[in-house]
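Trainee: Build me a model:
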Amino acid sequence: MEPYEYLRDAIYDGRVHLPRHPKLQEELLKLEFDARRQKVDHPAHGNLGSKDLADAVAGVVHQLSRRREVLHEERARRSESSQFTACG
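Mentor: The predicted structure is shown next:
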């Protein structure tokens, strides 16, 4: 899953609360999916502006989400391992 997909899902699921930052809000609202290039980007028409803040937030949410997934996987492995050891 890509960083913007993690961000979108985290916002919709209520797992992340973003600060009230006008520039960030503007950048997020203007993002578009470019089907030709298969990526999220700012609009190809008009004043392009920046998406630096949006990229930063998406990157942080992505990394924290991935870290959370890895921790859950590791806990599951340890739990399975300790159950096997206790039975054997």
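
Trainee: what about the helices in this structure?
Mentor: 3-13, 22-30, 52-87 (DSSP state H).

Trainee: Residue 26: neighbour count?
Mentor: Using other C-beta atoms under 10 Å, the number of residues around residue 26 comes to 14. Any C-beta I mention is one placed from the backbone N, CA and C, and that applies to glycine too.

Trainee: And residue 80, by the same measure?
Mentor: Residue 80: 10 neighbours (other C-beta under 10 Å).

Trainee: Same question for residue 66.
Mentor: Residue 66 - counted by other C-beta under 10 Å - has 13 other residues nearby.

Trainee: can you check residue 54 too?
Mentor: Look at residue 54: counted by other C-beta under 10 Å, it has 23 neighbours.

Trainee: quick one: it from residue 78, how far?
Mentor: Distance from residue 54 to residue 78, counting by C-beta to C-beta, to the nearest Å: 36 Å.

Trainee: Ok, residue 55 next?
Mentor: Distance from residue 55 to residue 78, by C-beta to C-beta: 35 Å.

Trainee: So the two - more neighbours on which side?
Mentor: Each of residue 55 and residue 78 has its neighbours counted (other C-beta under 10 Å); residue 55 has more, 16 against 10.

Trainee: give me every residue that touches the more buried one.
Mentor: residue 3 (C-beta atoms under 8 Å, 6 or more residues apart in numbering).
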